[in-house]
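**Q** Only the shape, not the letters, is given here:
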């Protein structure tokens, strides 16, 4: 490892972190505007700097300032260390999971081959699963350390929900792994650049969604449940639990839960875009044939375009559907999603077998 | 060199947090120390180029099993084990048990001493593994090839244990509910 390759790695890490955090912050604004649109309101439009309103985007800065300047309150009887640690642990998976997601095509510059991916692990998807499974601790600690019954009830709900929906999530991902025969994210994206051909003509790109339509629905549902947003927001059901596991949080610690939630929306979108919508691939355009600069610009723009569309889709779901009842939530997870996800596996296997075996 | 530094950092972390599991008085802290320890061990696996095992270690142990542990501890609200006053009890018993344990480990080492090898990556260097299709593929081929039967048997064993637990937990509540039905 010479200095330049270390710098390249640092630059990639910084890029991914900055993108996730900025997307997360922008999502708070997008969520308000989307909610306003659906509820026939205008949304944030008052706050301005010297008359510049920038579509209400300044609201993000105001929110940030408000959260930083608010009193950071730790309730009596709370476990101080865990109360402080919990938001950081809750935010960690959202920041780390994108490390294995390729956000653009690779290119050569000055004799170096650069992959636009922080870490190309051969266990790619498993890394995402491993990291996201640790997110439960943040929520669990938050509720327990707050010394508040509402918090603990929220935590119990959140933990049960996240464990339940991890199962269909993992099973749906197995479908993708079977289809492409690899766990590596950049290979999955590469393989999605090919086409289903009819008489030599490219008809459809070999995107995950065409191979695994059922898997897509299952994974997307399970991932939305993992982000704990409406219709899966029982852990913070306001009408019963005040605000659930984060009742006793204020200031920037609460802000970290908030930002973590929005960052995880971005992670969900990036993951779904990579697994089901071809990542940075543009259908019918061979990016790898282009020179380095337009290739990278187009590829990265395509990837983030897909991410934005999927983020918007999640906002739409959030403001369209009402909250589930708790038994409906468990019913959906264990009696609907899990059997379907298991059924998806033999279906996928039969499909692969009919197409003449997996490429190996 | 950097691998050695990484090894010592990870090993130290794993040992310190493992000590924390048995030495701290707060059960939650104890469980969380175990999580940290498991993550450090996963780091050691990753250092050995066993990425698949590392990822599975975090997903299954740190991410699933320990979540249930902490969940149960939180729900039971065990509180903190009170500080001990006076000399610890049971020293003779602990000494005998410790000696028996050490003797057992010694016997096992004696029995297999001819087969003890320092693990090497000879023949399975990272480049070779990558050439054969990557770590996950190799583990998968071994697991579903030569070791298929032991693997499936282990799976069935876990299932039996699970069903057994449900039966044992249910028996109590079934007896109770039939009793209450009779009374009413």
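**A** That came through fine. Keep in mind it's a predicted model, so treat the numbers as computed, not measured.
**Q** what ranges of the stretch 151-300 of chain A fall below the confidence cut-off?
**A** When residues are selected by pLDDT under 70, none of them lie in the stretch 151-300 of chain A.
**Q** what are the ranges of the helices in it?
**A** For the stretch 151-300 of chain A, the helices defined by DSSP state H, counting those that start in this stretch cover A:185-191, A:208-211, A:213-226, A:238-241, A:251-276, A:292-320.
**Q** which one of those has the most crowded surroundings?
**A** Of the helices of the stretch 151-300 of chain A, the one with the most neighbours on average (mean count of other Cβ atoms under 10 Å in any protein chain shown) is helix A:251-276, at a mean of 24. For every residue, glycine as well, the C-beta is placed using N, CA and C.
**Q** near chain B, anything from that one?
**A** No: counting by Cβ under 8 Å from any Cβ of the partner chain, chain B has no neighbours in helix A:251-276; the shortest distance is 15.4 Å.
**Q** Quick check: residue B:46 touching residue B:57?
**A** No: the pair formed by residue B:46 and residue B:57 falls short of the contact definition of Cβ atoms under 8 Å, at 9.1 Å.
**Q** anything in contact with each of the two?
**A** By Cβ atoms under 8 Å, 6 or more residues apart in numbering or on different chains, residue B:46 and residue B:57 have no common neighbours.
**Q** returning to that earlier point: quick one: which of the helices of the stretch 151-300 of chain A is nearest residue B:5?
**A** Put simply, out of the helices of the stretch 151-300 of chain A the one that sits nearest residue B:5 is helix A:185-191, at 28.6 Å, with distance taken as Cβ to Cβ.
**Q** Next, see if the closest one gets close to chain B.
**A** No: using Cβ under 8 Å from any Cβ, helix A:185-191 stays clear of chain B, coming no nearer than 9.5 Å.
**Q** which strands and helices sit next to that helix?
**A** Contacting helix A:185-191 under the criterion 3 or more Cβ pairs under 8 Å, 6 or more residues apart in numbering or on different chains; DSSP states H and E are the following elements: helix A:124-133, helix A:149-180, helix A:251-276.
**Q** and chain A, which residues reach chain B?
**A** Chain A comes close to chain B at residues A:79, A:82, A:121-123, A:126-127, A:129-131, A:133-134, A:136-137, A:140-141, A:143-144, A:152, A:155-156, A:159, A:163, A:166, A:182-184, A:360, as judged by Cβ under 8 Å from any Cβ.
**Q** redo that, cut-off 7 Å
**A** Proximity of chain A to chain B (Cβ under 7 Å from any Cβ of the partner chain) is limited to residues A:121-123, A:126-127, A:129-130, A:133-134, A:136-137, A:140, A:144, A:159, A:163, A:183.
**Q** Of all pairs in those residues, which one spans the longest distance?
**A** A:122 and A:144 (36.4 Å).
**Q** Of the two, give the one with the bigger neighbour count.
**A** It is residue A:144, of residue A:122 and residue A:144, that has more neighbours when counted by other Cβ atoms under 10 Å in any protein chain shown, with 26 against 22.
**Q** Pull up the gap between the closest residue to chain A within chain B and residue A:60, please.
**A** Closest approach between chain B and chain A, counting by Cβ to the nearest Cβ: residue B:63, at 2.7 Å. In this structure, residue B:63 and residue A:60 are 32 Å apart, going by Cβ to Cβ, to the nearest Å.
**Q** same check, this time on residue A:335
**A** To residue A:60, residue A:335 is 41 Å away according to Cβ to Cβ.
**Q** Return the residues in contact with the residue of chain B closest to chain A.
**A** For residue B:63, the contacting residues are A:130, A:133, A:134, by Cβ atoms under 7 Å, 6 or more residues apart in numbering or on different chains.
**Q** Near residue A:337, how many other residues are there?
**A** Burial of residue A:337 is recorded as 24 neighbouring residues (other Cβ under 10 Å).
**Q** Sorry, wrong one. I was asking about residue A:116.
**A** Tallying neighbours of residue A:116 according to other Cβ under 10 Å, which is how burial is gauged here, yields 20.
**Q** separation between it and residue A:243?
**A** Summarising the geometry, the distance separating residue A:116 from residue A:243, computed by Cβ to Cβ, is 39 Å.
**Q** try residue B:3
**A** Distance of residue B:3 to residue A:243, given as Cβ to Cβ: 46 Å.
**Q** neighbour-wise, which of those two wins?
**A** residue A:243 (17 against 9).
**Q** The more buried one contacts residue A:235, doesn't it?
**A** No: distance between residue A:243 and residue A:235: 9.4 Å, which falls outside the contact criterion (Cβ atoms under 7 Å).
**Q** Doesn't residue A:107 belong to a strand?
**A** Yes: if the criterion is DSSP: H, G, I helix; E, B strand; the rest coil, then residue A:107 is within a strand.
**Q** Could you pull up the residues touching it?
**A** Contact analysis of residue A:107 by Cβ under 7 Å, 6+ apart lists A:114, A:292, A:295, A:296.
**Q** ok, the closest residue in space to it that isn't next to it in sequence - contacts?
**A** Closest residue to residue A:107 in three dimensions, ignoring its sequence neighbours and counting by Cβ to Cβ, 6 or more residues apart in numbering or on different chains: residue A:292, at 4.1 Å. By Cβ under 7 Å, 6+ apart, residue A:292 lies in contact with A:107, A:108, A:109.
**Q** could I get those as JSON lines with pLDDT and distance to residue A:15?
**A** Supplementary listing: the contacts of residue A:292 in JSON lines, determined by pLDDT from 0 to 100; distance: Cβ to Cβ, whole Å:
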{"residue": "A:107", "pLDDT": "79", "distance to residue A:15": "15"}
{"residue": "A:108", "pLDDT": "77", "distance to residue A:15": "19"}
{"residue": "A:109", "pLDDT": "76", "distance to residue A:15": "16"}
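**Q** Around chain A, which positions in chain B sit nearby?
**A** Selection of chain B residues close to chain A by Cβ under 7 Å from any Cβ yields B:28, B:35, B:51-52, B:55-56, B:58-59, B:62-64, B:67, B:70-71, B:74, B:134-136.
**Q** Please repeat the previous calculation with a cut-off of 8 Å.
**A** Counting by Cβ under 8 Å from any Cβ, chain B comes close to chain A at B:28, B:32, B:35, B:42, B:51-52, B:54-56, B:58-59, B:62-64, B:67-68, B:70-71, B:74-75, B:130, B:133-136.
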